[in-house]
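Chemist: With the input below, show me the fold.
(chains A and B)
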2 protein chains.
Amino acid sequence: MAELTGPGELPVTDRTRHRRLREQGSTARADLDAVLRAGFVCHLGVLLDGAPMVVPTVYGADGDTVYVHGSVASRSLVQAPEAPVCVTVTHVDGLVLARSVFEHGVNYRSAMIYGVPRRVTDPAELLDGLRVLTEHAAPGQWDHARRPSRKELAATTLLALDLAEASVKLRSGPPDDGDSPDAALGLWAGELPLHHTWGAPVPDPALPPGTPVPPHIARRSGRPAG
Amino acid sequence: MAELTGPGELPVTDRTRHRRLREQGSTARADLDAVLRAGFVCHLGVLLDGAPMVVPTVYGADGDTVYVHGSVASRSLVQAPEAPVCVTVTHVDGLVLARSVFEHGVNYRSAMIYGVPRRVTDPAELLDGLRVLTEHAAPGQWDHARRPSRKELAATTLLALDLAEASVKLRSGPPDDGDSPDAALGLWAGELPLHHTWGAPVPDPALPPGTPVPPHIARRSGRPAG
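Modeler: Model (predicted):
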């Protein structure tokens, strides 16, 4: 059991205090909007046969509403149309490598939105919700691509969830044990950042050769058009 | 309602057939292992007051068990210790930009694991589970950092979940409407890849200047040690 003892044990209350230095909860709308803007894939939590099911899907935010593509959760939505859901959006910014295993963690930004979603059925709102989703993922794409037909709209499951009950959690910066007795161990500690970057657009092999990449896609990828 | 009509409407059955070309479900263990190996953050779905709650947390896989750090879900685990959970790991590989809005999507690899987790309480298994988590995120770090004390172990919430009930979903490649009537629209279509790369290690400002980055961290970041 030698692993169970170590130099510089920190009391649990210190841990709590330290964590609070760099891990913050927020209910600020600006923080929520920033987390939602930074991504396009969420994890949608629903109930299926009484158990939680967590499915990745796309979302887009518009004012006080987040629209979520719900086809992946359709079995659950048919089973319990008035059931609560949780929509979580997480950006992983890096690994926090501390002196002690216990203080290891992740730098991240995460939003959790709770509520009973509304299934969008009105064709005009369905169309507008798909516009929000499309423009959220690829700004400019709504005016580029062929818009949904009536039949396609009817085959689309879209959920609208109010942003009223939401919370944000953020962590950034170095580990929390730099001012603890563990600092005397002389171990390297720090952050290993994780970057998320768009690559160059890959044309569909079915395209006629030389079909130019549209400027809005080149912009999204962070590259000059051409 | 001009947006609701468009050239080359595809019947819903075609959509299904097309999707199946490039979006695949798998129950192959090798696919599950590959998805789990490629990440270190999962989304843990639990029940809290009868509603789903989806929280990001760290995990590590070892044999037929996935260990999940459960402190973020501790309220739920106290409330319902024998309740089912869902652990979902998702890698977003790119945006699929089709000719039609309806065929837009995401290239991704995702694993979902269902079951009733076991709360790890035995100190030896707790320690081993933390080793799995630590080595999963940063190979070599377990032998580098100070290992958990008894007190720290007692303050750790760790869940063990069997990999018996799991499924994998994968999508890759170009959009599915390259051989549809929409191809005649002449619109650019393709994939916008999303890359996830480690940055250079950022030393804790509290470190003495010149503290060298350990080789295992340099390796993890994809950079030469120095």
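Chemist: What are the boundaries of the strands in chain A?
Modeler: For chain A, the strands defined by DSSP state E cover A:23-26, A:41-48, A:51-62, A:65-69, A:85-97, A:105-115, A:118-119, A:158-162, A:165-171, A:190-198, A:202-203.
Chemist: Give me the mean pLDDT for the first one.
Modeler: Rounded to a whole number, the mean pLDDT of strand A:23-26 is 82.
Chemist: which helices and strands sit right next to it?
Modeler: For strand A:23-26, the packing partners by 3 or more CB pairs under 8 Å, 6 or more residues apart in numbering or on different chains; DSSP states H and E come out as strand A:165-171. C-beta: built from backbone N, CA, C; applies to glycine.
Chemist: low-confidence ranges in chain A?
Modeler: Low-confidence segments of chain A, defined by pLDDT under 70: A:1-22, A:224-226.
Chemist: So which residue is dead centre in it?
Modeler: A:V89 (2.4 Å; CA atoms, centre = their mean).
Chemist: how far away is that one from chain B?
Modeler: Distance, A:V89 to chain B, by CB to the nearest CB, to the nearest Å: 9 Å.
Chemist: and A:S71, how many neighbours does it have?
Modeler: A:S71 is flanked by 12 other residues according to other CB atoms under 10 Å in any protein chain shown.
Chemist: Contacts only, for A:V106.
Modeler: By CB atoms under 8 Å, 6 or more residues apart in numbering or on different chains, the contact list for A:V106 reads A:V92, A:D93, A:G94, A:L95, A:V96, A:R171, B:F40, B:V41, B:P56, B:V58.
Chemist: Dump those residues to TSV, plus distance to B:Y108 and neighbour count.
Modeler: Listed next are the contacts of A:V106 as TSV, based on distance: CB to CB, whole Å; neighbours: other CB atoms under 10 Å in any protein chain shown:
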residue	distance to B:Y108	neighbour count
A:V92	15	18
A:D93	20	19
A:G94	21	22
A:L95	22	26
A:V96	26	26
A:R171	25	19
B:F40	17	20
B:V41	15	19
B:P56	16	21
B:V58	20	22
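Chemist: okay, among those residues, which ones form the most distant pair?
Modeler: Pairwise distances across the contacts of A:V106 peak at 14.7 Å for A:R171 and B:F40 (criterion: CB to CB).
Chemist: now the lengthiest helix in chain A against strand A:158-162, angle please.
Modeler: If you go by DSSP state H, chain A has its longest helix at helix A:123-137. Note on geometry: by axes from the mean of the first three to the mean of the last three CA atoms, to 10 degrees, helix A:123-137 and strand A:158-162 are set 80 degrees apart in direction.
Chemist: touching chain B at all, helix A:123-137?
Modeler: Yes. Counting by CB under 8 Å from any CB of the partner chain, chain B has neighbours in helix A:123-137: A:P123, A:L127, A:L130, A:T134, A:A137.
Chemist: Redo these as CSV? Include neighbour count.
Modeler: As requested, these are exported to CSV (neighbours: other CB atoms under 10 Å in any protein chain shown):
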residue, neighbour count
A:P123, 15
A:L127, 22
A:L130, 25
A:T134, 24
A:A137, 22
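Chemist: got a markdown table for these, with distance to A:L161 too?
Modeler: Shown next, in a markdown table, are the residues of helix A:123-137 next to chain B (distance: CB to CB, whole Å):
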| residue | distance to A:L161 |
| --- | --- |
| A:P123 | 20 |
| A:L127 | 18 |
| A:L130 | 16 |
| A:T134 | 18 |
| A:A137 | 17 |
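Chemist: Let me see the contact set for the residue nearest to the centre of chain A.
Modeler: Contacts of A:V89 by CB under 8 Å, 6+ apart are A:V35, A:L36, A:G39, A:V41, A:C42, A:H43, A:Y59, A:S110, A:A111.
Chemist: ok, and which of those reach chain B?
Modeler: Within the contacts of A:V89, those near chain B by CB under 8 Å from any CB are A:V41, A:H43, A:S110.
Chemist: what's the closest of the contacts of A:V106 to B:G186?
Modeler: Among those, and counting by CB to CB, the member closest to B:G186 is A:V92, at 38.6 Å.
Chemist: can you pull up the bridge partners for that closest one?
Modeler: Here A:V92 sits in beta bridges with A:Y108, going by DSSP bridges.
Chemist: show me the contacts for it.
Modeler: Contacts of A:V92 by CB under 8 Å, 6+ apart are A:V106, A:N107, A:Y108, A:L194, B:V41, B:P56.
Chemist: switch to 6 Å and redo it
Modeler: Applying CB atoms under 6 Å, 6 or more residues apart in numbering or on different chains to A:V92 gives the contacts A:Y108, A:L194, B:V41.
Chemist: between the residues you listed, which is closest to A:G178?
Modeler: A:Y108 (19.5 Å).
Chemist: who's in contact with the closest one?
Modeler: Taking CB under 6 Å, 6+ apart as the test, what A:Y108 contacts is A:V92, A:D93, A:R171.
Chemist: can you do 7 Å?
Modeler: Going by CB atoms under 7 Å, 6 or more residues apart in numbering or on different chains, A:Y108 touches A:T90, A:H91, A:V92, A:D93, A:R171, B:P56.
Chemist: Return the distance of it relative to A:V72.
Modeler: If you measure A:Y108 against A:V72 using CB to CB, to the nearest Å, the figure is 23 Å.
Chemist: Repeat that for A:L95.
Modeler: With CB to CB as the criterion, A:L95 and A:V72 are 29 Å apart.
Chemist: follow-up on the earlier one: just give me the closest of the ones next to chain B among the contacts of A:V89 to chain B.
Modeler: For these, the closest approach to chain B (CB to the nearest CB) belongs to A:H43, at 4.1 Å.
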